[in-house]
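Chemist: quick one, what's the 3D model for this:
(2 chains)
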Amino acid sequence: MDFLANLQLAFSVIFQPDNLLFCFIGCLIGTLVGVLPGLGPVATISLLLPSTFHIGPVSAIIMLGGIYYGAMYGGSITSILVNIPGEAASVVTCLDGYQMARQGRAGPALGISAFGSFIAGTLATVLIMMIAPPLARFALEFGPPEYFALMFLGLTVLTYLASGSMVKALMMACVGIFLGTVGTDTISGIERFTYRSYTLMDGIGLIPVIMGLFGVSEVLINIEEACKQQIYQTRLSSLMPTLRDWKDSIFSIIRGTFVGFFLGVLPGGGAVIASFASYAVEKKFSRHPERFGSGAIEGVAGPEAANNAASQGAFIPLLTLGIPANVVMAILLGALLIHNIKVGPLLIKDHPSLFWGVLGSMYVGNVMLLILNVPLIGIWVKILKIPYPILFPLILLFCLIGVYSVNNNIYEVVIMILFGVVGYLMKKFAYEGAPLILAFVLSPLLENALRQSLIMSDGDFFIFFSRPISLLLILAAFFLLVLPLLPGLRRRPQGGDLD
Amino acid sequence: MKKPDRTSSLVWLGFAILICVESLRLPLGSLREPGPGFLPLLVGGILAGLSTISFVQARMGSPADRQGPWDASKRWKNLLGVLFSLLTYALALETLGFLLATFLLLVFLFRFGMESQRWTWAIAGGAIASLCCYVVFELWLRTQLPGGILGF
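Modeler: Numbering: from 1, shown residues only, chains lettered A, B, ... in the order given. Next up, the predicted model:
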């Protein structure tokens, strides 16, 4: 029984005391970050990335992964109690979660999102265990053209799903690819766009760019708009949902898991899309769709399950193909590369304890989150009450230290501030940061795959269409690119408008 | 659509042209063996095309008089203050050292960042927070923070 042996390996890795500790720290910090406004999981993971250089790769990824799904849960706490999503994936939770809190049912709302996340996490872990190994074996047959096609599809999916204009999202992807080409060209050794800058020779660092675009810019926007929060005064007597709540939401959780998981696996998809999709599905399935928006527990349970399943599903393309499905996975890819681990189809075979250990940690992490959050809700609520004028200098300071400590290079701090301004302007003019970052990370991989493919085919672009897998992927990407142009199909799924 | 979209797409168009011009100075190689300038030129070209489309879309859309992204009532002065202090921090960090620079930055941000805190609060908060960071990052996580004039 391969499956059981793998499961055993997974648990033997995660139950090592130090891994357990890092998983716990990750979940704790993740929840904290999810609760704090203006510091998303992306910024936090990049912030803590340098501190994982001293620990082993397995523990590092376990901790960073814990931050990711911890933040998902923390985000729902603020959505329910304050109607402010701690991060994007819990925007939907606000709709019904906050209404439940206003009706004095904050406890069950928090409870069902924890249980929903737990059930989804459990199912998703089993699904990953079943899907990942065969997918990795399949991916061994991938050559440069297939990799290029897959990354091209991933970028297209992300721009297609962008909440604003698709043209703008594509533009951001182009900017990201360009930024990724800055530095010394790996094939010819020629410096590109460095202008003799020592800092730029190794390329623009991922961490300064991310901290700028997602950390500093968020703070700048908040300073300008002076976010004020009001916590809904509610007594949290019990987090346990009633039997009726369970009956209402159990199928929503299961549906949410499957919707979320498959959207998570898709390159470019991820938790945000998954939660919106699940909400729409629940509304369709419900016998009383009119209750949605006024405190329907299904509207909390489904999306919460979906965003958790999606954040786990997103590990599949990373761990089997070496291709990050979203920005968080892109940073994890960076972390693996820093630890000298070659990411790709051979990862499961070469580093079984890493792959199965990470999977095991997701499962244990979910249990931890559940246990952690029942007694800690009170503390999270207190943290929510810290006023932003006091909080934001600390957030900025963490960004500054985080970036400086990567290479002890002051110019990277300047790059971060620069990208903070760029990110601020992008938010002002409704350009999304996610396609830029994903393209930026994929850029070197994409370029190598493209150049190798062209060398293989003697300069013939037809190579992408003559191999069945790459043909299929390229066709899918073109389909998505043309879809918005077709009459009658103009409306793309948009993040913001649900009704 | 709106005027901001027109402005922003023109900015991106300019950026795209700059990318193309700069890429042309690199060896382009051939299709058989693409050189280092190949991909940047390609994405520069695509970006130029997309920004043009975006510009045309913005012009064709109805000229709604929606408020632009700049609202005079917003606190842009605070914003500039924060940016200025961050840049100064970056440039002064290695001279002043982590503890002193961080303390000054935090006092400034607490006092002038968003809502003015009392001086006593700003100074105490700045001192405590910079000391805590020093303990966590320098002593515990062994991050190499600059010592500067204070020498530690």
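Chemist: return the residues in contact with A:L200.
Modeler: By C-beta atoms under 8 Å, 6 or more residues apart in numbering or on different chains, A:L200 lies in contact with A:182-183, A:193-194. C-beta here means a position set from N, CA and C on the backbone, and glycine is covered the same way.
Chemist: and it, that one's in a helix?
Modeler: Yes: under DSSP: H, G, I helix; E, B strand; the rest coil, A:L200 falls within a helix.
Chemist: what does the pLDDT read for it?
Modeler: As predicted, A:L200 sits at a pLDDT of 89.
Chemist: do A:L161 as well
Modeler: 69.
Chemist: what of B:A16?
Modeler: For B:A16, the model assigns a pLDDT of 96.
Chemist: ok, the one 10 residues further on next?
Modeler: The per-residue pLDDT reported for B:L26 equals 89.
Chemist: look up the closest residue to it, ignoring the ones flanking it.
Modeler: For B:L26, ignoring the flanking residues on the chain, the nearest one in space by C-beta to C-beta, 6 or more residues apart in numbering or on different chains is B:G37 at 3.2 Å.
Chemist: so the residue of chain B positioned farthest from its centre, which state does it fall into?
Modeler: Here chain B reaches farthest from its C-alpha mean at B:R32, the gap being 38.7 Å by C-alpha atoms, centre = their mean. Classification of B:R32 by three-state DSSP places it in coil.
Chemist: that one against A:D458, yeah?
Modeler: Yes: counting by C-beta atoms under 8 Å, B:R32 does reach A:D458; the two are 5.4 Å apart.
Chemist: for chain B, what's its nearest residue on the stretch 201-350 of chain A.
Modeler: Nearest to chain B in the stretch 201-350 of chain A, going by C-beta to the nearest C-beta, is A:E224, at a distance of 4.8 Å.
Chemist: I'd like to know which of the contacts of A:L200 are buried.
Modeler: Among these, those scoring as buried are A:182-183, A:193-194 (criterion: 16 or more other C-beta atoms under 10 Å in any protein chain shown).
Chemist: in strands, which of those fall?
Modeler: When DSSP state E is applied, the buried ones among the contacts of A:L200 are split such that A:G183 fall in strands.
Chemist: let me know the closest of the buried ones among the contacts of A:L200 to chain B.
Modeler: Nearest member of these to chain B, counting by C-beta to the nearest C-beta, is A:F193, at 6.2 Å.
Chemist: excluding its backbone neighbours, what's nearest A:G74?
Modeler: A:G74's closest residue in space is A:G34 (C-beta to C-beta, 6+ apart), at 2.1 Å.
Chemist: who's in contact with the one you found?
Modeler: For A:G34, the contact set (C-beta under 8 Å, 6+ apart) comprises A:41, A:70-78, A:86-87, A:90.
Chemist: again, only using 10 Å
Modeler: Contacts were defined as C-beta atoms under 10 Å, 6 or more residues apart in numbering or on different chains; by that measure A:G34 touches A:40-41, A:44, A:67-79, A:85-87, A:89-90, A:380.
Chemist: which SSE is residue 79 in?
Modeler: Just so you know, I chose chain A. helix A:57-82 (DSSP states H and E).
Chemist: hm, I was asking about chain B
Modeler: Using DSSP H and E, the element containing B:L79 is helix B:76-96.
Chemist: buried set for that helix?
Modeler: Buried, per 16+ other C-beta under 10 Å, within helix B:76-96: B:78-79, B:81-83, B:85-86, B:89-90, B:92-94, B:96.
Chemist: ditto for stretch A:114-122
Modeler: By neighbour count on 16+ other C-beta under 10 Å, the buried set for stretch A:114-122 is A:114-122.
Chemist: on that earlier part again, please check the contacts of A:G34 and keep the buried ones.
Modeler: Those of the contacts of A:G34 that meet the buried threshold are A:40-41, A:44, A:67-79, A:85-87, A:89-90, A:380, by 16+ other C-beta under 10 Å.
Chemist: next, the angle from the helix or strand where A:A330 lies to helix A:57-82.
Modeler: For A:A330, the element it lies in under DSSP H and E is helix A:327-338. Calculated by axes from the mean of the first three to the mean of the last three C-alpha atoms, to 10 degrees, helix A:327-338 forms an angle of 160 degrees with helix A:57-82.
Chemist: tell me the phi and psi of A:E191?
Modeler: The phi/psi pair for A:E191 (degrees, to the nearest 10) reads phi -80, psi 140.
Chemist: so what's the residue count around the spatially closest residue to it that is not a sequence neighbour?
Modeler: Leaving out its chain neighbours, the residue that sits closest to A:E191 by C-beta to C-beta, 6+ apart is A:T184, at 5.4 Å. Counted by other C-beta atoms under 10 Å in any protein chain shown, the residues lying close to A:T184 total 15.
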